[in-house]
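Pasting the sequence and the predicted coordinates here, then a few questions.
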Amino acid sequence: MQTIERIKILLVDTLGLGAHTGTLRAESALLGSIPELDSVAVIQIITELEEHFDIQIDDDEIDESLFHTVGGLSAFVEQKLER
Amino acid sequence: MSARSGGLSATPFFLQAVPGERFCIYHAPHPEIACRGAFVYVHPFADEMNRSRRMAALQARAFAEYGYGVLSIDLFGCGDSSGETGDASWEAWKSDLELAVRWLEDRLPVPVGLWGLRLGALLALDFIHDNPDRISSLIVWNPIVSGKSFMTQFLRLRLGSHIVGDGKTSSSKATIALREALMSRQTLEIAGYDISPALGAAIDALDAATLPPCMIPVHWFEIVRAANSALPATQAGVAKEWRRKGVQLHLHTIPGLPFWATPFLSASPELISMTCALPDAPWEASR
């Protein structure tokens, strides 16, 4: 499965977006558009990404630009996976 | 064993402790069947405690219907008990567990076990380590196995608030800096909870691999994301180490959502039915 598809599933599961299944696109906005994405959820998603993709995300890489769009988050993870 | 739902009551009360009092809820075992055992429920920390309240209540009720007595205690500085989280200490929490275990022992003619979720499971392990002959059995739900990783997660919540807030992450907010601040005797406020240097240091130093609950049956339930997911690597390492040290470990993975963390209400009926069903097996023979 493509990285972006795995991330969509992870977002839907973690945030409880069952009703949005299938509506998330690469350009879908995250922070500011999805009310479920609060501070706890942001960190939970970071943790889930680390466990799910077996990557390490450093504190200084965590900022709000990661959570602009689904596609942006996916690109970040892909870049991590290539390293 | 099927028992009628309804009719069983949960009794809330305050237990005298030092200092102050602890809020407790007692689920008495079903009066029409023989009492099978008793458990003290050890809750997780901070927001996870709130988010898991419903599952804890559902499990306690289910246990009661199966003939188990359950005492839930809000630890010092948590929930509706005396004190603030900033004044809480790991040692005080273990004293609270001692109090809760004694209360159940005085009430029911059966051995008392512990049932802990997340950080509550780590607290239960440490308690058993200190009091190896005290507890008859252990149930852990998604235990925190590394205090250090837990603290990193928790300190990261500050980063989370920052991201959702003004979007700028200054280096002083990094978890390394936060950990240093905590270790240099500063109380930190994270996600609305104060955490004292002593509590932070105590949690940071704990490693479940060094706390094998030998001599008692242990049921470890791990909620995992997908149907055939294995235990995450760190947890698998601890399980292996425990078995090497002779722990009677029964591992169960259950696909589902992490109900202690989801921003919406979620529950796992499967976890409840499996947890209720298992104690029947090797449990009572242990003592």
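It's in.

For residue B:142, give its distance to residue B:40.
For residue B:142, the distance to residue B:40 equals 18 Å [Cβ to Cβ, to the nearest Å]. Glycine gets a C-beta too; all of them are placed from N, C-alpha and C.

Neighbour count: these two, which is higher?
Neighbour count, other Cβ atoms under 10 Å in any protein chain shown: between residue B:142 and residue B:40, residue B:40 has more, with 28 against 25.

what's in contact with the strand or helix carrying that one?
Residue B:40 is part of strand B:37-42 when elements are defined by DSSP states H and E. Contacts to strand B:37-42, defined as Cβ atoms under 8 Å, 6 or more residues apart in numbering or on different chains, come from residues B:29, B:56, B:59-60, B:63, B:67-73, B:75, B:97, B:100-101, B:104, B:107-108, B:110-117, B:120-121, B:123-124, B:136-137, B:139, B:279, B:283-284.

let's see 6 Å
The contact list for strand B:37-42 (Cβ atoms under 6 Å, 6 or more residues apart in numbering or on different chains) reads B:56, B:68-72, B:100-101, B:104, B:108, B:110, B:112-116, B:120, B:123-124.

Just the buried subset of the residues you listed, please.
B:56, B:68-72, B:100-101, B:104, B:108, B:110, B:112-116, B:120, B:123-124 (16 or more other Cβ atoms under 10 Å in any protein chain shown).

anything in the helix or strand of chain A with the lowest mean pLDDT near chain B?
Least confident helix or strand, chain A: helix A:39-53 with a mean of 85, by mean pLDDT, DSSP states H and E. Yes. Using Cβ under 6 Å from any Cβ of the partner chain, helix A:39-53 reaches chain B at A:39, A:41, A:42, A:43, A:44, A:51.

count of residues packed around the fifth one?
So the one you mean is residue A:44. The tally of other residues near residue A:44 (other Cβ under 10 Å) stands at 22.

where does the stretch 101-250 of chain B have low pLDDT?
B:166-173 (pLDDT under 70).

Could you pick out the residues of it near chain A for me?
So the stretch 101-250 of chain B meets chain A at B:156, B:157, B:159, B:160, B:161, B:163, B:164, B:167, B:169, B:174, B:175, B:232 (Cβ under 6 Å from any Cβ).

Please list only the buried members of the residues you listed.
Judged by 16+ other Cβ under 10 Å, buried ones among those: B:156, B:157, B:159, B:160, B:161, B:163, B:164, B:169, B:174, B:175.

From the residues you listed, which land in helices?
Among those, the residues falling in helices (DSSP state H) are B:156, B:157, B:159, B:160, B:161, B:163, B:164, B:175.

from the residues you listed, which two are the most distant?
With distances taken as Cβ to Cβ, the most widely separated pair in these is B:164 and B:175, at 16.7 Å.

For chain A, list the residue farthest from the centre, please.
In chain A, counting by Cα atoms, centre = their mean, residue A:83 sits farthest out from the average C-alpha position, at 18.6 Å.

Just the pLDDT at that one, thanks.
What the model reports as pLDDT for residue A:83 is 78.

quick one: it from residue B:159, how far?
Per Cβ to Cβ, residue A:83 is found 22 Å from residue B:159.

now residue B:61
The spacing between residue B:61 and residue B:159, counted by Cβ to Cβ, is 37 Å.

Repeat that for residue B:42.
Distance of residue B:42 to residue B:159, computed by Cβ to Cβ: 28 Å.

what do you get for residue B:115?
Distance, residue B:115 to residue B:159, using Cβ to Cβ: 32 Å.

Run through the helices of the stretch 51-200 of chain B in chain order.
Along the stretch 51-200 of chain B, the stretches classed as helices by DSSP state H, counting those that start in this stretch are B:53-65, B:90-107, B:119-130, B:147-164, B:175-183, B:197-204.

Residue A:28 is nearest to which of the ones you listed?
helix B:147-164 (17.6 Å).

what comes into contact with that closest one?
Residues from elsewhere that reach helix B:147-164 (Cβ under 6 Å, 6+ apart): A:39, A:42-43, A:62, A:64, B:144, B:169, B:173, B:175, B:178, B:190-191, B:203-204, B:206.

Please give the centre-to-centre distance between that helix and its chain.
Offset of helix B:147-164 from its chain centre (Cα atoms, centre = their mean, to the nearest Å): 19 Å.

Give me the mean pLDDT for stretch B:50-60.
95.

contacting residues for residue B:25?
B:10, B:12, B:72.

go again using 10 Å as the cut-off
B:10-13, B:41, B:56-57, B:60, B:70-74, B:80 (Cβ atoms under 10 Å, 6 or more residues apart in numbering or on different chains).
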